[in-house]
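> Following is a predicted model, sequence given first.
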Amino acid sequence: MLISCLIAAAPLLGATAADDAFALRASHVHVGNGQVVLDAFVVVEDGVVKSVSNNAPRGVRVVEVDGHIAPGFISLRETLGAGSENAERTRKSTPTADLSFAFDPTSPNWKGLVSEGVTTVLLPAGNSQIAGGQAAIVSPAAGEVLKRNAVVTLGLSRAALGSSTAPTSFAGLYAHLGEQFAAAPEGSPLAEAKAGKVPVMMRAVTRSEVHRALEFAAAYGLKGAVIGAPEADDLVDELKASGLAVVFESKAAPASSKDVVKSALALSKAEVPFAFTSDAGSQGPLGMRMQAAACMRAGLDAGAALRAMTADAARIAGVDATHGTIATGRAADLVVWSGPPTDLTSRVHSVYAGGHLVHSAHAHGAHQ
Amino acid sequence: MFTSLILSAAAAASGSSVPADGTSWTIHADKVYTSTGKVHESALIVVDGGKIRAITPGVEATRDALKAAVVTAGMIDASARLNSGTASVEQSSEVTPLISAEFGVDLFSPGWGRLARTGITSAFITPLNQNCIGGMGMVLKTAGDRSVKGRTVEGAPMICGAIGSQPSQRNSSAFGRPTSFFNRRPTTRMGVEWEWRKSFFEAAQAKEPDASQKVLLDALAGKVGVFVQAWATQDIRTAVFLKEEMAREGFGEMRLVIDAGAEAWREPAMLVRTNTAVILPPVPAQGRTTDGALMSVECARVLRDNGISFALSGHGGSRLDLQAGLAMRGGITREEALRAVTLTPAQLLGVDGRVGSVEAGKDADLILWNGEPFEATTRPVGVLVGGHLALDPR
């Protein structure tokens, strides 16, 4: 909406380009959908990508960058800037809670994440909650909320069971959730999820939990993704049939990381979309990229790994119209890398969010 | 129809191999114990579409037949305890008849494969014993379909609970302000008994019974079984007295099954008097079981001598065939031990229409043994669950 306004406003500025228009020229532009354009110019105007082409734009300042340009990475779970503000623990379900109010735009924690190329983050409710609220999509670099009430987060794992609060059982959890959905008034988050208008993100870890989550999603007509599912490779058929995507939790622990690697390959083969979390609080700012690299080491191709961190992540979060690819009309969230963005030896040179330079390795004297 | 069956058996015999779905077999055994008292010698069993189609005694083995010294029905563990622990029981209330064991089941647990490979082909799953009345149990096949629905064997509905130390284990009085729902009754056996009795009284006297109370009313009417874990004599007494009290009040006649009745041997008269069935827990290594209940291998014999219907169980950790062997050591016959792990649990759980014996038309849940079952040197060498090989004898 905001973006379409900006585009509509652009012609009013006349034949000459707006003052804030510029172009980045790089040897490789990774569009994010798997396509790579060689020796290309990315023209940015009013914070939005105006064009990607091999022809030099006229009347626009051109910044030559030495390296690869890729869309900013999208993490489908990052609670760094939220502290413990993303879980209303006095009750198990607060489906109308708006996670954008848990977002601290000035948290110093965001800096590290942005410097590793993550420009968009989904802020979900905590794992201890059953229907903990509606996730917000935020830009940590710009300090802006990009989309409120973007995704309904549901906790269907053992972590959502209480030890001394109800429900303590999966039977109780599903009874509770069934009641929540039944009681949801028209237009409320759960009703919108049931109508397929708002995607859900259901946390389910063990195969049994995932199986149950898929059954629940089918019964209520939910669309969206399962978050967790390290053993998704054993549930490929069920996942494929469900139409749901998978968000893998980045884990440093070798055992579960191995599961994720196998599962990512299996899903890629079956063309089930998947993405990753960054979880920088526990994994550090590099976590998501490390997880993708681990998958690549086992055979996932670089294009698929990049898609999982850009275009596919945007689609799962429901922001693919504005984020996740470098294409006309998309937000100019761009990362300049020293080499291929999925290559662990590549460094981040600079990061643009909404067309603004928000991080420069030179300026910070980092990674040099 | 019958001729076509013979033809398909002949086709299998003539060397054309196994059909693609892997649920059609011919099995030859020197002996087939049917669990109904019959023994077929040198018999050929034809399995097709997951069912037993025909049993022909007195014939030679065909070339392609799976061979075994003895074939019996797959064992049924009436107290398999393969639920997912505390996540299977809703402890925010001590009486939760509406909770289904279904949600406490993890079909991906490796325990299922272990049960199947040791010859247990059906298992009764209950919510964990932390509530007075924990909820509805269910019978599941131990192998096959990946959904709970596909694995369920529809049987007699049973509400499951416990009388003893477990339901009061985590509760305690509050010091200062109550901080959790564990600061409440019951903290004692008296409290546990009170919760049971109160629930049934309230259900029986309710003007407009709610959904939970309707389940309890069905239990009072004998339409829903009452499956109560009670190890020690005092707890078995409590369960039996409750049933008698309900009958005296004119509320109805409960169908009571005592689970883990380790001390059922002490006072068999009250079980006989109330027509109560017993599931025996695994025999302990050192006499004492849970709640200090004393049990020996002779427990099964005492129940048999008193004509009490009983089944053996392994609690998910102990091999059921060894339990049957121990019960034989205590003095029951092989046939009786076999019935206690097949047909009797099937009848108690209301699934004997499908499983529990080797008869044409029943599910092809079969164990292929390398010798006389329940001997220390005998083991299952092949197991079929619904016609699928859970343990391949070849």
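Structure received.

> Roughly how far does the most centrally placed residue in chain B sit from chain A?
When chain B is reduced to its mean C-alpha position, the nearest residue by CA atoms, centre = their mean turns out to be residue B:78, at 1.4 Å. Applying CB to the nearest CB, to the nearest Å, the value for residue B:78 to chain A is 21 Å. The C-beta positions use only the backbone N, C-alpha and C, and glycine is treated the same way.

> Let me know the pLDDT of that residue.
Listed pLDDT for residue B:78 reads 96.

> Make sure it is actually in contact with residue B:310.
No: counting by CB atoms under 8 Å, residue B:78 does not reach residue B:310; the two are 9.8 Å apart.

> could you list every residue that touches the residue nearest to the centre of chain B?
Applying CB atoms under 8 Å, 6 or more residues apart in numbering or on different chains to residue B:78 gives the contacts B:124, B:259, B:279, B:311, B:313, B:345, B:348, B:349.

> Please dump those into TSV; it should also carry distance to chain A for every row.
Below are these laid out as TSV (distance: CB to the nearest CB, whole Å):
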residue	distance to chain A
B:124	17
B:259	19
B:279	23
B:311	26
B:313	23
B:345	24
B:348	23
B:349	20
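
> quick revisit: now the residue nearest to the centre of chain B. Nearest residue, chain neighbours left out?
residue B:345 (4.0 Å; CB to CB, 6 or more residues apart in numbering or on different chains).

> Past the helix or strand harbouring the one you found, which element shows up next along the chain?
Using DSSP states H and E, residue B:345 falls within helix B:343-348. As assigned by DSSP H and E, the chain's next helix or strand after helix B:343-348 is strand B:366-369.

> And the helices in the stretch 201-350 of chain B, which stretches?
B:211-220, B:233-248, B:268-273, B:299-305, B:320-329, B:334-341, B:343-348 (DSSP state H, counting those that start in this stretch).

> and residue A:226, backbone torsions?
Main-chain torsions, residue A:226, degrees, to the nearest 10: phi -100, psi 130.

> so who does it touch?
A:201-204, A:210, A:213-214, A:232, A:239, A:244-247.

> cool, and residue B:275?
By CB under 8 Å, 6+ apart, residue B:275 has no neighbours at all.

> now do the one 3 residues further on
Taking CB under 8 Å, 6+ apart as the contact definition, residue B:278 lies against B:257, B:258, B:261, B:264, B:271, B:303, B:308, B:309, B:310, B:311.

> In ChimeraX, how would I select just the buried ones from the residues you listed?
In ChimeraX, a selection of the buried entries from the contacts of residue B:278 looks like this (16 or more other CB atoms under 10 Å in any protein chain shown):
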select /B:257,258,261,264,271,303,308,309,310,311
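
> So which of the contacts of residue B:278 sit within strands?
Those of the contacts of residue B:278 mapping onto strands are B:257, B:258, B:310, B:311, per DSSP state E.

> Which residue ranges make up the domains of chain B?
B:9-73+B:358-391, B:76-348 (automatic domain parsing).

> Would you mind giving the helices of the stretch 201-350 of chain B as TSV with distance to residue A:25 and mean pLDDT added?
Output for those, formatted as TSV (distance: least, CB to CB, whole Å; pLDDT from 0 to 100):
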stretch	distance to residue A:25	mean pLDDT
helix B:211-220	69	97
helix B:233-248	82	97
helix B:268-273	89	98
helix B:299-305	86	98
helix B:320-329	74	97
helix B:334-341	78	98
helix B:343-348	77	98
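
> now for the ones you listed, which one comes closest to residue A:35?
Distance to residue A:35, taken as CB to CB, is lowest for helix B:211-220 among the helices of the stretch 201-350 of chain B, at 56.9 Å.

> Would you agree residue A:169 is in contact with residue B:87?
Yes: the criterion here is CB under 8 Å, and residue A:169 meets it with residue B:87 at 5.6 Å.

> Show me what from chain A comes close to chain B.
A:158, A:161-175, A:206-208, A:211-212, A:215, A:234, A:238 (CB under 8 Å from any CB of the partner chain).

> What distance do you get for residue B:55 to residue B:23?
Distance of residue B:55 to residue B:23, computed by CB to CB, to the nearest Å: 17 Å.

> In contact with residue A:31, which residues?
Contacts of residue A:31 by CB under 8 Å, 6+ apart are A:37, A:52, A:71, A:325, A:326, A:327.

> Among those, list the two that are farthest apart in space.
It's A:37 and A:71 that sit farthest apart of the contacts of residue A:31, by CB to CB, at 12.6 Å.

> Quick one: name the residues of the stretch 51-200 of chain B near chain A.
Contact residues (CB under 8 Å from any CB) of the stretch 51-200 of chain B with chain A: B:84, B:86-92, B:96, B:98-100, B:102-109, B:127, B:135, B:146-147, B:179-182.

> From those, list just the buried residues.
By 16+ other CB under 10 Å, these give B:84, B:86-92, B:96, B:98-100, B:102-109, B:127, B:135, B:180-182 as buried.

> From the residues you listed, which land in strands?
residue B:135.

> Any stretches of the chain with poor pLDDT?
In the absence of a named chain, this looks at chain A. A:1-19, A:252-256, A:363-368 (pLDDT under 70).

> Please refer instead to chain B.
In chain B (pLDDT under 70), the answer is B:1-21.

> Can you name the residue of the stretch 251-394 of chain B nearest chain A?
residue B:316 (16.1 Å; CB to the nearest CB).

> what is residue 25 paired to in the beta sheet?
Here I'm looking at chain A. Per DSSP bridges, the residues bridged to residue A:25 are residue A:41, residue A:64.

> wrong one, I was asking about chain B
Beta-bridge partners, per DSSP bridges, of residue B:25: residue B:47.

> In this structure it contacts residue B:44, no?
No: Residue B:25 is beyond contact range of residue B:44, at 10.6 Å (criterion: CB under 8 Å).

> Output the longest strand belonging to chain A.
Max-length strand for chain A by DSSP E is strand A:144-155.

> Please spell out which residues along the next helix or strand after it are buried.
Downstream of strand A:144-155, the first helix or strand assigned by DSSP H and E is helix A:170-183. Neighbour-count burial for helix A:170-183 flags A:170, A:171, A:172, A:173, A:174, A:175, A:176, A:177, A:180, A:181 (criterion: 16+ other CB under 10 Å).

> Contact partners for residue B:69?
So residue B:69 contacts B:29, B:30, B:31, B:369, B:370, B:371, B:372 (CB under 8 Å, 6+ apart).

> The residue nearest to residue B:78 contacts residue B:339, correct?
No: using CB under 8 Å, residue B:345 is not in contact with residue B:339, being 9.2 Å away.

> Fine by me, thanks again.
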